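*Asks:* quick one: sequence and predicted model below, then my questions.
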Amino acid sequence: MNLQGSSKRGYRVKKDERFEIRIAGFGGQGIVTIGRILGEALSIYEGKNSVNTQSYGPESRGGACRSEVVISDGEIHYPNVRKADLFIALSQVALDTYIADLREGGILLFDPDSVKNVPDRDKYRVYEVPTMEIAHDIGGVKFQNSVALGALCPLIDHMIKESSLRQAISRNVPPKTVETNMNAFERGMNYGEEDRGT
Amino acid sequence: MAKKIGAHDGENRTHDSYFLKPGRYYLQGNQACIEGALMAGCRVYAGYPITPAVETMEYASQRFPQVGGRFIQMEDEIASACALIGSSWGGVKALTATSGPGFSLMQETISIAVMSETPMVIIDIQRAGPGQGYITASQQDVMQARWGHHGGGPIIALAPSSVQEMFDLTIEAFNLSEQWRTPVLVMVEETVGHMREPLVIPPRDAIEVIERKKPQDLGIPPQDYLPWGHGVVAPMANWGDGYNVNFVALVHLEDGNIARYSPQANYHCVERLQNKIEGNVDEISRIETKFLEGCKHLIICYGAVSRTAMEAVIEAHEGNGLELGYIRLVTLWPFPEEKMRKIVGNVDTIFVPEMNLGMMRHPITEALRDRCKKVVSIPSFGILHSPEYILSRIQEETS
């Protein structure tokens, strides 16, 4: 959908709708990888426009490493998140740092083992998925990003097919780990609605 | 067994098969420029790593050998730039990428390349300065691009704003450098260097690639060849072509002689260099415009900041009806002064958002000071301006 307007001089001004995703957590949790895989899945397999940026320098140290994906059917000018529609928080620091940028009614997906305190949770659509625990169960913390991508999949199914995400994951993980990553993705995806809380 | 990096990596593939097939890819800006360079026929990368340009070098180390090119890590940025001169005179297009401190080290060689009219391309993924500054995004080398090398010789500098343009403008940079026999700089911010976006690779035969003019192509026999003569852009013979090639960065005559120096010879030598670029500014320089007709205020921008500026301009038109025109400098240098004067009428205020304290606002002011009441710089450091910030500054100034 395009928002149409016109200026005093009669220029037709078209602004393309954006969907903005922010992922944040500790460095090493695969924050940057999640963003890259998501962007690739959307742009290569779904034909959408997407821009993926990541935090950098001192910003990326500690628990608030950040990766962003801005998605649109049209042109994306400003490449960063302005008001996130979806926020994946994998650490308490990440949640504390960035929750203010999540729009009211936006989707908040977090790991309840790492994030204990969510202020104003009524303002958002909240999903809890123990990504770390599932990853450990499967084979280690390195699979946490695939679990998170699986958990994310049903939340953005209006934009992306499951198969696209699977393809992008396969292309971006070491060949020997594809099967385990697919398993992680499935576990994240199938983590029941009833268990996720609201 | 570790996979050997090389042209054939055991699969008996040809160099040609390693070019990206036409299609849609998802790459970083720092990688897209390498693909552009390869498409433009560049086959030498010589460099020294520096944040935030490291990915360019890393990616080049994989890609150049695959297509039959050469990759070499030099001992520093001075040597890297010098290697480009050697490659270019050997007949091979050459590239390096660096950032602020490394760009400083390359300045002497850039000046030598300007004087010796050596085609080569340097990509500067700008970080904040002065000194080691910081590794965050900036546009703080845009004046150094023009004036950093001694002698003030003319230069061509481009400013891409997307991953696609990192590909497209790197090809354009090589074409310009071959066409005008001059070093060309691609001035990028960390923002665009590290950004990932879809990149559309066209078929190779759809990409226009310009090669330098050679004396043999123009029918000039070796005995009649003047290495610095035969027109505004002298045809360039490579070492080994059988021509008397005289590489010289001293003031020289058409035949390369440096001993018959005179102030007139000095003037003619430098004037020709200046006219070669500045005299062809209309052909070389590009700008993009939007909403210019009858605009009350104007925003002039370049590089990554033009993305924020465009978002702000669209919102200004959409929301409060502020009549804001938009000009983006695709080419920073030579500065398209006349081109701008032709399209800009009288406006109230010209806003220049930049990731520095206001550098390109100087040539902009010089070009348009009689067309506006004031020029307002909107600086941002280490981070791209947000559209909100640009709009709030515009509102402050115009209300």
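*Replies:* Arrived safely, thanks for sending.

*Asks:* please parse chain B into its domains.
*Replies:* Listed by automatic domain parsing, the domain ranges of chain B are B:15-206, B:288-398.

*Asks:* now do the longest one, average pLDDT.
*Replies:* With pLDDT averaged residue by residue, domain B:15-206 scores 97.

*Asks:* now the domains of chain B in a markdown table, with distance to residue A:52 and mean neighbour count?
*Replies:* To be clear about C-beta, it is placed using only N, CA and C from the backbone, and glycine gets the same treatment. Shown next, in a markdown table, are these (distance: least, C-beta to C-beta, whole Å; neighbours: other C-beta atoms under 10 Å in any protein chain shown):
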| stretch | distance to residue A:52 | mean neighbour count |
| --- | --- | --- |
| domain B:15-206 | 4 | 22 |
| domain B:288-398 | 14 | 20 |
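
*Asks:* now render the ones you listed as a markdown table, adding distance to chain A.
*Replies:* Shown next, in a markdown table, are the domains of chain B (distance: least, C-beta to the nearest C-beta, whole Å):
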| stretch | distance to chain A |
| --- | --- |
| domain B:15-206 | 4 |
| domain B:288-398 | 4 |
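
*Asks:* with only the CA atoms kept, save stretch B:257-276 in CSV.
*Replies:* Written as CSV, here are the backbone C-alpha positions of stretch B:257-276 (Å, rounded to 0.1, in the frame of the first residue of the first chain):
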residue,chain,number,x,y,z
ASN,B,257,61.4,16.3,-21.9
ILE,B,258,62.0,17.7,-18.5
ALA,B,259,65.3,19.5,-19.2
ARG,B,260,63.8,22.3,-21.3
TYR,B,261,61.9,23.6,-18.4
SER,B,262,60.4,27.1,-18.6
PRO,B,263,57.6,28.9,-16.8
GLN,B,264,55.6,28.7,-20.0
ALA,B,265,56.1,25.0,-20.3
ASN,B,266,55.1,24.7,-16.6
TYR,B,267,51.9,26.7,-17.3
HIS,B,268,51.0,24.7,-20.4
CYS,B,269,51.6,21.4,-18.7
VAL,B,270,49.5,22.2,-15.7
GLU,B,271,46.8,24.1,-17.6
ARG,B,272,46.2,21.2,-19.9
LEU,B,273,45.8,18.8,-16.9
GLN,B,274,43.3,21.3,-15.3
ASN,B,275,41.3,21.8,-18.5
LYS,B,276,41.2,18.1,-19.2
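
*Asks:* which positions in the longest helix along chain A come out as buried?
*Replies:* Once chain A is assigned using DSSP state H, the helix that runs over the most residues is helix A:178-190. Neighbour-count burial for helix A:178-190, counted by 16 or more other C-beta atoms under 10 Å in any protein chain shown, picks out A:178, A:180-189.

*Asks:* contacts only, for residue 131.
*Replies:* Looking at chain A here, since you left the chain open. A:90, A:111, A:144, A:147-148, A:151, A:188 (C-beta atoms under 8 Å, 6 or more residues apart in numbering or on different chains).

*Asks:* hmm, no, I was thinking of chain B.
*Replies:* residue B:101.

*Asks:* picking that back up, how about TSV for the domains of chain B, with distance to residue A:70 added?
*Replies:* Shown next, in TSV, are these (distance: least, C-beta to C-beta, whole Å):
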stretch	distance to residue A:70
domain B:15-206	10
domain B:288-398	11
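
*Asks:* now tabulate the buried residues of helix A:178-190 in a markdown table and tack on distance to residue B:111.
*Replies:* Putting the buried residues of helix A:178-190 into a markdown table (distance: C-beta to C-beta, whole Å) gives the following:
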| residue | distance to residue B:111 |
| --- | --- |
| A:178 | 52 |
| A:180 | 56 |
| A:181 | 52 |
| A:182 | 56 |
| A:183 | 59 |
| A:184 | 55 |
| A:185 | 55 |
| A:186 | 60 |
| A:187 | 60 |
| A:188 | 57 |
| A:189 | 59 |
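
*Asks:* near chain B, list only the ones from the residues you listed.
*Replies:* Among those, no residue lies close to chain B (C-beta under 8 Å from any C-beta of the partner chain).

*Asks:* switch those over to a markdown table; also include pLDDT.
*Replies:* Formatted as a markdown table, the buried residues of helix A:178-190 follow (pLDDT from 0 to 100):
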| residue | pLDDT |
| --- | --- |
| A:178 | 96 |
| A:180 | 97 |
| A:181 | 97 |
| A:182 | 97 |
| A:183 | 96 |
| A:184 | 96 |
| A:185 | 96 |
| A:186 | 95 |
| A:187 | 95 |
| A:188 | 95 |
| A:189 | 94 |
